[in-house]
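Participant: compute the structure for the input listed below.
(one chain, ligands or ions: 1)
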Amino acid sequence: MPRTLPTRYAVSLKIDASRYEILDQRALPSAEHWRDVRSVAAMLDAIRTLTVRGAPLLGVSASLCLAYRAQAGDTPAQLREAAGVLRAARPTAVNLHAALDAMVGALDAQGPEGLIDAAFRWFDDDVAMSEALAEHGAALLDDGDGVITHCNTGALATVGVGTALGVIARAHAQGKRLHVWVDETRPLLQGARLTTWELRRLGIPHTLITDSMAALVLREGLAAKAMVGADRVSRNGDAANKVGTYGLAVQCHFHGARFYVVAPSTTYDGRCASGRDIEIEARDPDEVRGFVSPSTALRWAPAEVAVMNPAFDVTPARLIDALVFEQGVFAPGAVAAGLGGVLPPAR
Ligand code: MRU
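Facilitator: Here you go, the predicted structure:
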């Protein structure tokens with residue numbers, strides 16, 4: 001039987017030899033509930049329901065579930081099957097796929113012990129990448145800036161300080177006075193529920209707006225920079241992120257505001273030549289017909305109305321001023337050139 005697991009804590013998860021729990025992001029901000037995800041079925045349900053979410057966190061949390069199962073004595077065949085099931089749970093966040101491929105690679109090469117090491121390394125690397133993103137990205141923000149953001153890209157979406165929100169938090173910690181304009185992020189309200197929760201804990205001044213108010217905020221000059229995350233970046237520098245990001249980029253372009261994408265290299269997918277190759281997750285129409293959470297179920301549209309509900313959209317590279325990776329700040333053209341080989345090769 002493999003050795004006992006090390007201990008790791010993050011805002012969004014805690015794991016040790018006898019426990020693996022994630023913070024239920026559907027219940028925030030009204031309640032902080034922790035959910036047991038020691039079984040593959042529990043982790044699968046958590047991923048599908050967005051109990052756990054955010055591209056980097058998906059990769060880390062699914063890998064740790066496999067590590068837990070390896071410690072519990074699951075066979076290599078069971079672990080391989082579990083990796084396949086979890087990999088298929090969400091199609092756009094490539095971090096999930098990259099992490100699970102790495103776990104299976106470690107399992108094949110070194111057995112369950114190797115998988116456990118790889119999962120905890122994936123955790124530690126995510127913390128380190130978040131730190132580097134924050135450091136590089138903070139240089140893009142100036143004292144007095146208004147910054148608009150979409151979805152949730154903070155500590156809740158990674159196991160470190162976050163991506164775009166981590167950058168904002170670092171600039172704030174450096175003493176820069178910022179004001180953050182938070183898109184509520186329809187339909188699942190990650191901005192309204194999660195980003196405001198994080199900004200409040202961080203003590204960063206912020207104002208919540210509906211997504212449809214963003215153009216007004218930009219026109220009035222209340223925000224001259226946008227900072228967002230990504231679920232997948234293609235070879236030409238196109239970036240898939242939470243639906244509404246593309247619209248925000250178009251509005252930034254029109255109003256002359258800077259548009260920045262912040263993501264670890266685990267979000268880069270060298271197999272996708274452009275954003276057109278990125279599979280976009282289609283979600284349950286009821287998410288648009290109303291709002292459902294563990295404590296609320298409210299439908300405001302007719303039950304039978306036709307709905308389109310893509311979870312993500314793609315922002316073309318030409319609308320992006322710069323992409324922040326853990327290696328530094330790059331123009332989309334530099335991403336297209338492979339950043340001199342620092343991005344992972346196509347798998
Ligand atoms: O559907 P979600 O909530 O998992 O979508 C998350 C996002 O779109 C984030 O912006 C992205 O994963 C980057 S998080 C660091």
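
Participant: what does the stretch 1-150 of the chain put close to the ligand?
Facilitator: Counting by C-beta under 6 Å from any ligand atom, the stretch 1-150 of the chain comes close to the ligand at Leu50, Arg53, Gly54, Ala55, Pro56, Ala93. For glycine as for every other residue, the C-beta is placed from the backbone atoms N, C-alpha and C.

Participant: same thing but at 8 Å, please
Facilitator: Neighbours of the ligand within the stretch 1-150 of the chain, by C-beta under 8 Å from any ligand atom: Gln25, Leu50, Arg53, Gly54, Ala55, Pro56, Leu57, Leu58, Arg90, Ala93, Asn95, His150.

Participant: out of the residues you listed, list just those in helices.
Facilitator: Those of those mapping onto helices are Ala55, Pro56, Leu57, Leu58, Asn95, per DSSP state H.

Participant: now Pro91. Nearest residue, chain neighbours left out?
Facilitator: Of all residues not flanking Pro91 in the chain, Glu279 sits nearest, at 4.5 Å (C-beta to C-beta, 6 or more residues apart in numbering).

Participant: do you know how far the closest residue to Gly162 other than its chain neighbours is from Ala83?
Facilitator: Using C-beta to C-beta, 6+ apart and skipping the chain neighbours, the partner closest in space to Gly162 is Gly154 (3.7 Å). Distance, Gly154 to Ala83, using C-beta to C-beta, to the nearest Å: 27 Å.

Participant: if I pick Val161, what's in contact with it?
Facilitator: If you count contacts by C-beta atoms under 8 Å, 6 or more residues apart in numbering, Val161 has them with Ser130, Glu131, Ala134, Gly154, Ala155, Ala169, Arg170.

Participant: so what's Trp34 bridging to?
Facilitator: Leu23 (DSSP bridges).

Participant: next, count neighbours for it.
Facilitator: Trp34: 13 surrounding residues under other C-beta atoms under 10 Å.

Participant: give me the nearest residue to Leu218, chain neighbours excluded.
Facilitator: Nearest to Leu218 is His255, by C-beta to C-beta, 6+ apart, at 4.0 Å.

Participant: cool, and Gln251?
Facilitator: Spatial nearest neighbour of Gln251, excluding adjacent residues (C-beta to C-beta, 6+ apart): Ala215 at 4.7 Å.

Participant: which element, helix or strand, includes the one you found?
Facilitator: Assigned by DSSP states H and E, Ala215 falls within helix 214-219.

Participant: how close does the closest residue to the ligand within the stretch 201-347 of the chain sit to Ala88?
Facilitator: As assessed by C-beta to the nearest ligand atom, the ligand sits closest to Gly229 within the stretch 201-347 of the chain, at 2.8 Å. Here the criterion is C-beta to C-beta. By it, Gly229 lies 22 Å from Ala88.

Participant: quick one, which of those two is more surrounded?
Facilitator: Taking neighbours as other C-beta under 10 Å, Gly229 and Ala88 compare with Gly229 leading, 31 against 13.

Participant: quick one, what contacts that one?
Facilitator: Shown in contact with Gly229 (C-beta under 8 Å, 6+ apart): 54-55, 151, 153, 157, 163-164, 241-242, 261-263, 267.

Participant: circling back: state the number of residues packed around the residue nearest to Leu218.
Facilitator: Neighbours around His255, by other C-beta under 10 Å: 16.

Participant: pretty sure it sits against Leu216.
Facilitator: No: taking contacts as C-beta atoms under 8 Å, His255 lies outside contact range of Leu216: 10.1 Å.

Participant: and the pLDDT for Pro294?
Facilitator: Predicted confidence (pLDDT) for Pro294: 78.

Participant: that one contacts Arg26, doesn't it?
Facilitator: Yes: judged on C-beta under 8 Å, Pro294 makes contact with Arg26 at a distance of 5.6 Å.

Participant: which one's more surrounded, the two?
Facilitator: Arg26 (20 against 13).

Participant: chain neighbours aside, what residue packs nearest to the residue of the stretch 201-347 of the chain closest to the ligand?
Facilitator: Nearest non-adjacent residue to Gly229, counting by C-beta to C-beta, 6+ apart: Thr153, 3.6 Å away.

Participant: Gly154 and Ala83: who's more crowded?
Facilitator: Neighbour tally, Gly154 and Ala83, criterion other C-beta under 10 Å: the higher count belongs to Gly154, 29 against 24.
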